[in-house]
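Colleague: Here is my input, please return the structure:
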Amino acid sequence: MAAPSSEAERQRDKERTRADILAVATREFADKGYTGARVDEIAARTSTTKRMIYYYFGGKEQLYLAVLEKAYLTIRALEKHVDVERLDPEDALRQLAALTFDHHEANPDFIRLVSIENIHRAEHLAQSEILPGLADPALGGITRILQRGREAGRFRADADALDVHMVISSFCVFRLANRHTFQAIFSRDLLDPARRAHYRKMLGDLVIDYLTA
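Modeller: Below is the predicted model:
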C-alpha cells in the first residue's frame, strides 16, 4: 500500500520543483532578458541544480519557452472567468478590460517578457506547441460578446474581436512598459494609486465608446 503514496509524493515534489524553477526563471528572464539570463543563477536561487533544470526542461531555450507559455496561459485562464454568455455585452467587455488591467499591473514581469520576446521577433514563442491554442481563449469570448451586442443593435458591425483585444492590451501594456519614460517626459506616474481608478474606468470607456460610436 505504500507504493502509490510514495509515487504520489514524488510526483508532488516534481511539480513543486518545476514550479519553483519556473518562478525564479520568470524573474531572471524578465530582469535580464533571454541573452543575459543565466541558468547557473537560476539554479543557485532554487532548491535544485543546473543539471536538474536541464532534466526538467532540456536547456535554457526550452526553459525560456516554458516561462513564456506559463505567462500566457495564466492570463488566458483568467479571461475564462468572464461570463460572456450571461452578462450584458457592455458589462462583459468592461469586466474583461478590468481583468486585463489588474493582471498586467500585478504581473509586471509579464510585460517585460512580452517586450523581450518582441525584441527577438517571437522566434521562441513561434516554436511553442501550444501557440495555436493561445488565441482562442482571448478572442473566442470577445467574439461572442460582440455578436450579442450587434444582435441587440448596440455595437458597430466593422469591429472584430482582435480589434477589441488590441485596444485593451495596448492600453494595459503601455501603462506598464512606458511608465518610466512617460514619467521622465511628462512628470506623471502612470501607476500612481490616486489615478488607478481613473485609468481603469478610462480603459472600459475607450472600448465601449469605440464599439458604440
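
Colleague: chain center to the lengthiest helix in the chain: distance?
Modeller: Taking DSSP state H as the criterion, the chain has its longest helix at helix 2-36. How far helix 2-36 lies from its chain's middle: 19 Å, per CA atoms, centre = their mean, to the nearest Å.

Colleague: Check stretch 134-150 too.
Modeller: On CA atoms, centre = their mean, the centre of stretch 134-150 falls 18 Å from that of its chain.

Colleague: Outside of it itself, which residues are in contact with it?
Modeller: Applying CB atoms under 8 Å, 6 or more residues apart in numbering, the contact partners of stretch 134-150 are 72-73, 76-77, 79-80, 82, 84-85, 89-90, 92-93, 96, 128, 155-157, 159-162, 164-165, 211. To be clear about C-beta, it is placed using only N, CA and C from the backbone, and glycine gets the same treatment.

Colleague: Now restrict these to buried residues only.
Modeller: 72, 76, 79, 82, 84, 89-90, 92-93, 96, 128, 155, 159, 161, 164-165, 211 (16 or more other CB atoms under 10 Å).

Colleague: mind listing the helices for the protein?
Modeller: Going by DSSP H, the chain shows helices at 2-36, 39-44, 50-57, 60-79, 89-106, 108-119, 135-151, 161-177, 179-186, 193-212.

Colleague: Now do stretch 148-168, average pLDDT.
Modeller: Averaged across stretch 148-168, pLDDT comes to 96.

Colleague: Need the distance between the two termini of it.
Modeller: Using CA to CA, to the nearest Å, the end-to-end distance of stretch 148-168 comes to 19 Å.

Colleague: For it, what is the distance to the chain centroid?
Modeller: Distance, stretch centre to chain centre, for stretch 148-168: 22 Å (CA atoms, centre = their mean).

Colleague: and this protein, what are its domains?
Modeller: Split into domains by automatic domain parsing, the chain comes to 1-58, 67-212.

Colleague: looking at those, which one has the lowest mean pLDDT?
Modeller: domain 1-58 (a mean of 89).

Colleague: so how far is that one off the chain centroid?
Modeller: Mean-position distance between domain 1-58 and its chain equals 21 Å (CA atoms, centre = their mean).
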